[in-house]
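Q: could you look at this predicted model? Sequence included:
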Amino acid sequence: MRNEIYLQRDLPMADLFYIQFFITINFFLLEKQQCKALYREALKWVTNEPAWKRSEGRYHILPVHHPWSFKTIHRYMKKAIWLLPDMDSTGNWYKPDEVWLEKDLILPYVSNVEICDIKCLLGSESSRTTWLFFRGRLKRNAGGKIRAKLVAELNGAEGVIIEEGTARGSGKVVAQKGMRRSIFCLNPAGDTPSST
């Protein structure tokens, strides 16, 4: 594969095509109907390009960093290479024929919590008095079967803390402190990769 970068006038020479469209930002900043209209406009522009028509988008790269974004037109772009935060297998966010590991890329998710460096780790090691910890939403989309079962099995057990919480307000700090006082921390499937 060639490593050169081509300008738009050189598109016939390119191996891959990055669709520079800020899907998630538009999803959160625009009204629902504005967002849908913008998605339709972007879809029309991209799919009318000769490069798209040659392969039905097989060599196009599309950042889909929030599962709700671009949802109304997923099916039209399912042959493109998607950059995803996770590979949801429940069918909750993506249809089974829209995403798969042979085609798409899972990007590392940047943590939005304070990093615990070696000094922090050594300082918190002796204060780990909780055996098992989880703080997050106990009821979630798709029924939250795993979380419900964990609560039913472990709630009230000695050395176990399972509590409802969100990242809003002081929630993130409370979760960090709880994790640093614990030997094990649960990380069941959540609505986003930032779930603890």
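A: Looks like it arrived, so ask away.
Q: now tell me what touches stretch 123-142 from outside.
A: Contacting residues not belonging to stretch 123-142 are listed as 90, 92, 116, 144, 147-148, 150-151, 154, 157-166, 171, 174-175, 178-186, 188, 190-191, 195-196 [Cβ atoms under 8 Å, 6 or more residues apart in numbering]. (Each C-beta comes from the backbone N, C-alpha and C, glycine too.)
Q: in helices only, show me those residues.
A: Among those, the members falling in helices are Arg147, Ala148, Leu150, Val151, Leu154, Gly171, Val174, Ala175, Gly178, Met179, Arg180 (criterion: DSSP state H).
Q: what about the last one, neighbour count?
A: Read it as Arg180. Summarising burial for Arg180: neighbours were counted as other Cβ atoms under 10 Å, giving 18.
Q: check contacts around it.
A: When the contact criterion is Cβ under 8 Å, 6+ apart, the partners of Arg180 are Cys116, Cys120, Ser124, Ser127, Arg128.
Q: what strand or helix carries the third one?
A: Element membership for Ser124 (DSSP states H and E) is helix 118-125.
Q: past that helix, which element shows up next along the chain?
A: Counting by DSSP H and E, the next helix or strand C-terminal to helix 118-125 is strand 130-136.
Q: these two touch, right, Trp93 and Phe70?
A: No: with contacts defined as Cβ atoms under 8 Å, Trp93 does not count as touching Phe70, sitting 10.8 Å away.
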